[in-house]
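Student: no sequence on this one, just coordinates:
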């Protein structure tokens, strides 16, 4: 669920404006943390990040300790449900701000990389004792440390508080809009499915009328012909035509059997006897043929094609295609057209 929320967190363009204005007015950077499998960090502005932090993080050990410090800072922030000011392993002051939506963690903001007191060579000497293991030259690190920005404690808390309130308010508002869009989209999909259902029902009704008309016609015009065989051939030919024009919909044997006034078992047996295929295998064959045309002549992805031809399960389609064509659909497409012309799944 967190990944679903953070998927759209990066799409909130207004957050970019917030962090730019924040930097211009405070001199402090903002890092967005998205809750994904790779714990993605998004720094801004990259060129203005503390040179001291850049040096610390150039060491593998230093980077690891930075991440540990940030994770600990965020953990404490989530405990209190508010921003948390903490000192990192390298002695700088940072702030972790959890981003919440309806009680769910969807990400975090880090800001800071500052000091509360003016940096001096004396404070650096004490600090360097814990950083020697990073194997970074004393003088180059000291020079970067002495340039670290200082922020008044009260101002730091004010900025953190303001950032917490603004960011979480905007996320809540944007998420509500996102959810409304999602609901509207689902309503559209339901409406589309309902239209498809109505269209399919009309086709079945037309098939029923066609069969009734045939019965009437045989009584009038075909007395000299063996009516049963003629009727059966007519029914199955109509059923085949129905499948040909509706294979991309949710066709059921029971529905077609009902439309031609036969029991499902009798219809299934008759269909197999006349066509040589079961109803389901015939339907799959038509869908696979349609898939082959789309694979050869369009740039739709295989997943898109699956749903366009009436399959509901991607894995089932793959198995059915391999059974009919003896090769997977991706290989079939590759044999039919150059790989650079189509969209890869």
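Tutor: Arrived safely. All of these numbers come straight from a predicted model, not from anything done at the bench.

Student: what about the stretch 101-250 of the chain, any weak spots by pLDDT?
Tutor: Applying pLDDT under 70 to the stretch 101-250 of the chain flags residues 101-103, 170-204, 207-230.

Student: which residues in it form helices?
Tutor: 121-128, 138-145, 153-221, 227-246 (DSSP state H, counting those that start in this stretch).

Student: tell me how far the following helix or strand past the last one is from the chain's mean position?
Tutor: In other words, helix 227-246. Going down the chain from helix 227-246, the next helix or strand is helix 253-259, by DSSP states H and E. Mean-position distance between helix 253-259 and its chain equals 37 Å (C-alpha atoms, centre = their mean, to the nearest Å).

Student: now stretch 245-258
Tutor: From the chain centre to the centre of stretch 245-258 is a distance of 31 Å (C-alpha atoms, centre = their mean).

Student: repeat for stretch 304-323
Tutor: In terms of C-alpha atoms, centre = their mean, the centre of stretch 304-323 is found 20 Å from the chain centre.

Student: can you check stretch 298-316 too?
Tutor: Per C-alpha atoms, centre = their mean, the centroid offset for stretch 298-316 relative to its chain is 17 Å.

Student: span of that stretch from start to end?
Tutor: End-to-end distance of stretch 298-316 (C-alpha to C-alpha, to the nearest Å): 22 Å.

Student: mind listing what's buried along that stretch?
Tutor: 300, 302, 305-306, 309-311 (16 or more other C-beta atoms under 10 Å). Quick note: C-beta positions are derived from backbone N, CA and C, even for glycine.

Student: ok, stretch 160-169 next?
Tutor: Quick answer for stretch 160-169 (16+ other C-beta under 10 Å): 160, 163-164, 167-168.

Student: what residues does stretch 150-167 touch?
Tutor: Stretch 150-167 is contacted by residues 15, 18, 22, 26-28, 30, 82-83, 85, 93, 95, 97, 99, 109, 111-112, 114-119 when judged by C-beta atoms under 8 Å, 6 or more residues apart in numbering.

Student: let's see which of the residues you listed end up in strands.
Tutor: Under the assignment DSSP state E, the contacts of stretch 150-167 contribute 30, 85, 93, 95, 97, 99, 109, 111-112, 114 to strands.

Student: export those residues to TSV and tack on distance to residue 332 and neighbour count?
Tutor: Formatted as TSV, the ones in strands among the contacts of stretch 150-167 follow (distance: C-beta to C-beta, whole Å; neighbours: other C-beta atoms under 10 Å):
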residue	distance to residue 332	neighbour count
30	49	24
85	60	18
93	60	21
95	56	25
97	52	25
99	46	24
109	48	25
111	53	24
112	56	27
114	60	19
